[in-house]
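[1] Got a predicted structure plus its sequence, pasted below:
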Amino acid sequence: MTPRPLLLVGGGGLAREVLAAARLAPGEWAPLGALDDDPTKHGQALDGLPVLGGSELVHEHPDAAVVVCVASARRPLGRLALAGKLGLGQDRYGTITHPGAHVAPGCVIGPGTVLLAGVVVTTPLRLGAHVVAMPHVIITHDDEIGDGVTFAGGASLGGAVRVGESAYLGQRAAVREGLAIGAGAVVGMGAVVLADVPAGEVWAGVPARRILREGNRT
């Protein structure tokens, strides 16, 4: 099989993680370059991968798979917003699964999704598009994961948890079974979630409580 060219949109830490995972599958991916809208990064290298220019250059490489590599608790909607700006068809997006991830047979993984080292998906389920699961995330039976969700390292879900579009779960956040995390919500690092988190709110602590309402976020 001829490796498919791969473009990473974003030139930060997540792009480095995705690049490292892609390089472990040389028969599948041939990293071509990174694209970043920060002009100070143009012409530089990301772990040996050239930063070719801004994200608009994605259209100059129609045969390349694309992964959007941005993730921020301050801007949880940012990855889907950037994907929308690119205006690409779903078939243009690559799915990166680190060889050290354990994904149950029968899982459906959406386009543009990234599963890094040590991620465990215990039973067949559907992961949305442009999901990012950083190292050692645990996703269990009957969980529902929307598009654009970010799991920072070590986050874990009990069974039958529903995570809405573009929600962000911080490092080692834990969510009890059967709960819902609303779209665009942010759960702080180390939080223990024992109640539903409404859309757009920020929760943190043990047990987790609301610290910021929707509409008051910058």
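    It's in.

[2] make it CA atoms for all contacts and neighbour counts henceforth
    Will do.

[3] Give me the residue ranges of this protein where confidence is low.
    For the chain, the stretches flagged by pLDDT under 70 are 214-218.

[4] can you map out the helices along it?
    Using DSSP state H, the helices of the chain run over residues 13-23, 78-86.

[5] For the shortest one, buried residues please.
    By neighbour count, with 16 or more other Cα atoms under 10 Å as the criterion, the buried positions of helix 78-86 are 78-80, 82-83, 86.

[6] which one of these sits closest to Leu14?
    Nearest to Leu14 out of these is Arg79 (Cα to Cα; 11.5 Å).

[7] Assess the claim that that closest one and Lys85 are in contact.
    No - if you go by Cα atoms under 8 Å, Arg79 and Lys85 don't touch, sitting 9.9 Å apart.

[8] Switch the helices of the chain over to JSON lines; also include distance to Leu49.
    Below are the helices of the chain laid out as JSON lines (distance: least, Cα to Cα, whole Å):
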{"stretch": "helix 13-23", "distance to Leu49": "8"}
{"stretch": "helix 78-86", "distance to Leu49": "21"}
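
[9] got the contact list for the residue nearest to the spatial centre of the chain?
    Note on the chain: the residue nearest the mean C-alpha position is Val132, at 1.7 Å, using Cα atoms, centre = their mean. Contact partners of Val132, counting by Cα atoms under 8 Å, 6 or more residues apart in numbering, are 113-115, 148-151.

[10] Which ones among these lie within strands?
    Secondary structure from DSSP state E places 114-115, 150-151 of these in strands.

[11] Can you select the buried ones from the residues you listed in ChimeraX?
    Selection of buried members from the ones in strands among the contacts of Val132 for ChimeraX, criterion 16+ other Cα under 10 Å:
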select :114,115,150,151
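
[12] hmm, back to that, quick check, nearest of the contacts of Val132 to Leu32?
    Of the contacts of Val132, the one sitting nearest to Leu32 (Cα to Cα) turns out to be Val114, at 17.6 Å.
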